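Student: The following comprises the amino acid sequence and a computationally predicted model.
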Amino acid sequence: MSLLSVQELQTHFIYRDIDYQFREAKALNKVTLSLNAGEVLGIVGETGAGKSLTAQSICGLLRPPAQIVGGSVMFDGKELLSLSEDEINAIRGADIAMVVQNPRSSLDPLTQIGKQLVRVHQTHSGGTILESRQKALDMMRAVGIPDPLGRFNAWPHELSGGMAQRVLIAMALMNEPKLLIADEPTTGLDVTVQAQILDLLEDLVNQFDMACMIITHDLGIVAHYCDQVAVMFAGEIVEQGPTKRVFQTPAHPYTQQLLAATPERLQMGIRSQLGGQPPDLFNLPTGCLSQDRCPKSTKKCETPPPMIDVSSGHLARCHFAESDNKAGSKGGD
Amino acid sequence: MNNPSSNRWTLARVHNRARGLARLSPTATAGVIIILFFGILALFSNLFMPHDPVASYTDRILQPPSADHWFGTDGNGMDVFSRVIYGAKFGFGIAIPAVLISLVIGVPVGLIAGYRGGILDEVLMRIFDGLRVFPSIILALAVVAATGQSLLNVVLVLGFLDSPVFARLVRSEVLSLRSSIFVESAIAAGNPTWRILFLHLLPNSIEGAMAQTAVRAAWAVRISATLAFLGVGIQAPTPEWGAMIRQGTEFMITGQWWVAIFPGVALIFLVFGLNLFGDGLQDILDPRRRTSK
Amino acid sequence: MVTDVVLSATNLTKRFPTGRSGNFVNAVNGVDLCIRRGEVLGMVGESGSGKSTIGRTILRLTDPSEGQITFDGRDITNLPAKTIRPLRKDMQMVFQDPWSALNPRMKIGDLIAEPLRIHFNMSRSECADRTEILAKRVSLSIDFLNRTPSALSGGQLQRVCIARAIATNPKLIVLDEPTSSLDLSVRAGILELLQELRVETEAGFLFISHDLGTIKLISDRIAVLYLGRIVEEVPKSKLFSDPSHPYTQSLLSAHLPSDPNEKIERLPLEGEIPSPINLPTGCSFHTRCPLAINECKSKPPSPEQISAGHMASCLRIRDGKNIISREIK
């Protein structure tokens, strides 16, 4: 059984706008994914695809007007969506930990970093302060912060971006979580620092046998650090599977477009059919959500496309997925 | 959502927008209702006044409220009700021009001081600080005493005295905006300073000042009434609330409360309504501005 | 051939006071560069490299602390703002964040036409035609001309910025990370547009970015910056195949290609970029360079010619020991 199993998750934004009209944005549309211990899943997509929203929905971090209107999130045998606020608080920070971008704005500016680490540990794991302090020092060492003892009393504003991100990761790991969600963990950091942080995450996943979800818009990160990938568009997963396979033989037109748009593959001088309007979450079409911008769309796309099994573990939500992928397709409908 | 065709304001849309705004800020809605109430009284006072506000009924001096005179009559036998309604004209007639004058003086000063900085900024701000610190009543009294008793003088003085508020508001916005990217982009495009000030900075820094106009209008109403109460600017038998209260205080002791109380209540309500609206305006302007990308 | 250098800068230096007395942020430290008509010079570097500051300084949006800037044959280093202003019709900039680069209260049409009104004194109606032409050129629907920036997406806004920048047919266009804030699929469209424009306008382009992939795609020549100095200048074809400076090599190794089959060769680079307030002595890179020797601490290296159009500033080039050995990941 998977550690994390998200089934048909639907999150909508429902509110009255300034013109007193009811507005409903369907931000997540039946998202389904699963994750096992020791696996790294990359969730990739453009702005508005719903990547961060998925993580927030899983962790119970949604604020009005966002609300979950359907689906289930099974974590470690428990249904997270039916837990009370207190119960999910107990899980968040302990069994599920999150690391976000802009590390410096996620740290409490008025508390020294050592104290923050201790605080996180005390909240969930208890024990004596001395034990927490020792754990904090161990974690700081594990994430590669030089001179942990000396840095224990540092203030967040004294840290560089890379250091702050390491502190955030240390904080996430204090309670030895089973699942680590990293939402754009290296956006905004220098490329050389990014490499260090990602290598660190990889080591820690192996060391602690955690499940890890990396949310990013950078295909390079997914290509080299994620075993599995899920491509999101307009709040649904359009393609997922082992990274190598999906990147080598993408079955969904959107994934193909995305890969074609990377600088390595762009050929200057050729006008590509890329991009288009971002999807209007208030007015999603019936049927395939990409039909308005897909070069392959036909009348058939007005019916919702099924998730097609392109090969073992590689799925794509497109009517034409099977016929495109000649190698290793298993048929089925 | 990304529809390029322009917006059209149908009646239905106006209605819905009003409902939406009302929901967003009940405070502002309440304020608007009160202001509109007095505004209509001021504009169409002829329709509402049963009597001529300066008609003196010498046989009906200091009569308590009755069917004929809802708010009673004052020491000159004039109908208090009609005078209260007519007095609304003065509320708006003083507050609106005064606030406009404050804006016309304060906004450009704030723009220039904020953008240029340096000595100019220091000098202007110190002058304006001085103005603010000075008790306005005393200053107004002095100016009107020197220049003569007239409504125009009152308006000018109030407008001038209140301009530092707007200057400060605009200046602080400009201070943060002047290093923003769109200003840099405007400079990079080759904009001369006057265009930067009036086409780029002004529209983006005026919002805070706009939100304050209602509150400052409330201040203008109050101060002008106070000045009239002190006998400055407006003379009896002009039906202005402050002057009416002045006359009415004499009679409070002898039990004829209606002469002072009714204009007093009207004054309180108008000021209250303006303040409510000003407060509520913050609700409407601020969160709506926070658009997420 | 008549020299077609649009912009040249020598010993460009910029220091910002930090507020703490005596301390300066040494953003740009002695940079020489030149940009020719019709060519794209790419500038790549991480934080603290000074690339954005260079862009702003050559346009005189900030004043240089030292050095000389020559634009179209004219020394503009010390010209007062009044004199520079009319020159701005020939030098324009496209900023990184299109949402903040446009006056939120101005209409799109007015924003695009603004340079025309300022420099050519055209009236509203005269501008209208040219604005439409510009909008069409950047593939922007003319229905948007009456809207304000909040109604457009990032990609569309950046097209507005580009239209604004080319309105007066400038000779030099500086683009500061023009695609970094945009989504991947939108980026491609903008880059294609820029490529077309560069062929059409024959202007000189300075393209600043931190992304090696994008830089390689669009540039003819690439300058690699570290802590305010150009450490390597290389033609596009040689960037990935023949990086000479150790920093360039580590930058390349940290770059993650989107092909999972491409092996990453991770170069051992420790630590973080030093603060520009306290520049390391000698070669700024010596604190992190795996090939540093004693001499690197004291002697700042001067540029060494490696081949035509390819130069790097590293002391170890002379003894051929400037290539870091790689560990395969």
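Tutor: Ah, there it is.
Student: element containing C:Leu33, please.
Tutor: Secondary structure from DSSP states H and E places C:Leu33 in strand C:24-36.
Student: touching chain B at all, that strand?
Tutor: No. Using CB under 8 Å from any CB of the partner chain, strand C:24-36 stays clear of chain B, coming no nearer than 15.8 Å. Heads up, the C-betas are built off the backbone N, CA and C, glycines and all.
Student: Stretch C:282-298 near chain A at all?
Tutor: No. Judged by CB under 8 Å from any CB, stretch C:282-298 makes no contact with chain A; its nearest approach is 8.7 Å.
Student: Show me what the strand holding C:Leu33 is in contact with.
Tutor: Residues from elsewhere that reach strand C:24-36 (CB atoms under 8 Å, 6 or more residues apart in numbering or on different chains): C:4-18, C:41, C:50, C:53-54, C:57, C:64, C:66-67, C:172, C:204-206, C:223, C:225, C:227-230, C:276-277, C:279, C:284.
Student: Mind checking which of those residues are buried?
Tutor: Neighbour counting by 16 or more other CB atoms under 10 Å in any protein chain shown classes C:5-9, C:12-16, C:41, C:50, C:53-54, C:57, C:64, C:67, C:172, C:204-206, C:223, C:225, C:227-230, C:276, C:279, C:284 among those as buried.
Student: coming back round to it: indicate each strand paired with the strand holding C:Leu33 and its parallel or antiparallel sense.
Tutor: Strand pairing for strand C:24-36, determined by DSSP bridges: strand C:5-17 (antiparallel).
Student: Going by proximity to chain B, name the top residue of the stretch 1-150 of chain A.
Tutor: As assessed by CB to the nearest CB, chain B sits closest to A:Tyr20 within the stretch 1-150 of chain A, at 3.8 Å.
Student: Pretty sure that residue sits in a strand.
Tutor: No. Looking at A:Tyr20 with DSSP: H, G, I helix; E, B strand; the rest coil, it is coil, so not inside a strand.
Student: Any regions of chain B where pLDDT drops low?
Tutor: Residue ranges of chain B with pLDDT under 70: B:1-7, B:286-293.
Student: Now look at the biggest helix by length in it and say if it contacts chain C.
Tutor: Determined from DSSP state H, the single longest helix within chain B is helix B:80-116. No. Helix B:80-116 lies out of reach of chain C by CB under 8 Å from any CB, never closer than 12.8 Å.
Student: Could you check the next helix or strand after that helix against chain C for contacts?
Tutor: Downstream of helix B:80-116, the next assigned helix or strand under DSSP H and E is helix B:118-133. No. Using CB under 8 Å from any CB, helix B:118-133 never reaches chain C; the gap is at least 14.9 Å.
Student: which helices and strands sit right next to helix B:118-133?
Tutor: helix B:80-116, helix B:151-177 (3 or more CB pairs under 8 Å, 6 or more residues apart in numbering or on different chains; DSSP states H and E).
Student: What is the subsequent helix or strand relative to the shortest one?
Tutor: Under the assignment DSSP H and E, the closest C-terminal helix or strand after helix B:151-177 is helix B:181-189.
Student: what sits up against that next one?
Tutor: B:177, B:195-196, B:200-201, C:59, C:61, C:88, C:92-93, C:95, C:97, C:100-104, C:114-115, C:118, C:161, C:164.
Student: Please enumerate the strands of the stretch 201-333 of chain A.
Tutor: Per DSSP state E, counting those that start in this stretch, the stretch 201-333 of chain A carries strands over the ranges A:211-216, A:228-233, A:236-242, A:307-311, A:314-317.
Student: Point out where chain A drops to low pLDDT.
Tutor: Residues of chain A meeting the criterion pLDDT under 70: A:267-276, A:323-333.
Student: Can you pull up the most central residue in it?
Tutor: Computing the C-alpha centroid of chain A and ranking residues by CA atoms, centre = their mean puts A:Ile215 first, at 3.1 Å.
Student: For that residue, list each beta-bridge partner.
Tutor: With DSSP bridges as the rule, A:Ile215 is bridged to A:Ile43, A:Asp183.
Student: Verify the contact between it and A:Thr186 for me.
Tutor: No. Counting by CB atoms under 8 Å, A:Ile215 stays clear of A:Thr186, with 11.1 Å between them.
Student: tell me the contacts of A:Val120?
Tutor: Applying CB under 8 Å, 6+ apart, one finds that A:Val120 lies in contact with A:93, A:171, A:174-175.
Student: name the element it belongs to?
Tutor: Secondary structure (DSSP H and E) places A:Val120 in helix A:113-125.
Student: and that helix, how far from the chain's centre?
Tutor: On the basis of CA atoms, centre = their mean, to the nearest Å, helix A:113-125 is displaced by 25 Å from the centre of the chain it belongs to.
Student: C-terminal to it, what's the next element?
Tutor: Downstream of helix A:113-125 (by DSSP H and E), the next one is helix A:129-142.
Student: ok, B:Ser82 - contacts?
Tutor: Listed by CB under 8 Å, 6+ apart, the contact partners of B:Ser82 are B:49-53, B:239.
Student: Among these, name the buried ones.
Tutor: Neighbour-count burial (16+ other CB under 10 Å) applied to these gives B:49, B:51, B:53, B:239.
Student: what about the nearest residue to the last one once chain neighbours are set aside, distance to chain A?
Tutor: I take that to be B:Pro239. Nearest residue to B:Pro239, sequence neighbours excluded (CB to CB, 6 or more residues apart in numbering or on different chains): B:Arg83, at 3.8 Å. In this view, B:Arg83 and chain A are 40 Å apart by CB to the nearest CB, to the nearest Å.
Student: can you pull the contacts of B:Arg83?
Tutor: Taking CB under 8 Å, 6+ apart, we find B:Arg83 in contact with B:53, B:74, B:239, B:244, B:263.
Student: Just the residues you listed: which are in helices?
Tutor: Taking DSSP H as the definition of helices, these contribute B:244, B:263.
Student: re the thing from before, ok, which of the strands of the stretch 201-333 of chain A comes nearest B:His69?
Tutor: strand A:236-242 (73.5 Å; CB to CB).
Student: export the contacts of B:Arg83 to CSV and tack on distance to A:Gly127?
Tutor: Formatted as CSV, the contacts of B:Arg83 follow (distance: CB to CB, whole Å):
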residue, distance to A:Gly127
B:Pro53, 81
B:Asp74, 80
B:Pro239, 78
B:Met244, 75
B:Pro263, 71
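Student: Tell me which two of the contacts of B:Arg83 sit farthest apart.
Tutor: Using CB to CB, the pair of the contacts of B:Arg83 lying farthest apart is B:Pro53 and B:Pro263, separated by 11.7 Å.
Student: Residues of the stretch 1-150 of chain C that sit close to chain B?
Tutor: C:59, C:61, C:85-86, C:88-89, C:92-93, C:95, C:97, C:99-106, C:114-115, C:118-119, C:141, C:143-144, C:146-147, C:150.
Student: ok, 7 Å please
Tutor: Contact residues (CB under 7 Å from any CB of the partner chain) of the stretch 1-150 of chain C with chain B: C:59, C:61, C:85, C:88-89, C:92-93, C:95, C:97, C:99-105, C:114-115, C:118-119, C:141, C:143-144, C:146-147, C:150.
Student: from those, which would you call buried?
Tutor: Buried among the residues of the stretch 1-150 of chain C next to chain B (16+ other CB under 10 Å): C:59, C:61, C:85, C:88-89, C:92-93, C:95, C:97, C:99-103, C:105, C:114-115, C:118-119, C:144, C:147.
Student: The residues you listed in helices, which ones?
Tutor: Short answer: these in helices (DSSP H) are C:85, C:99-101, C:114-115, C:118-119.
Student: out of these, which one sits closest to chain A?
Tutor: Distance to chain A, by CB to the nearest CB, is smallest for C:Trp99 among those, at 11.9 Å.
Student: And the closest one, how close does it get to C:Ala113?
Tutor: Applying CB to CB, to the nearest Å, the value for C:Trp99 to C:Ala113 is 20 Å.
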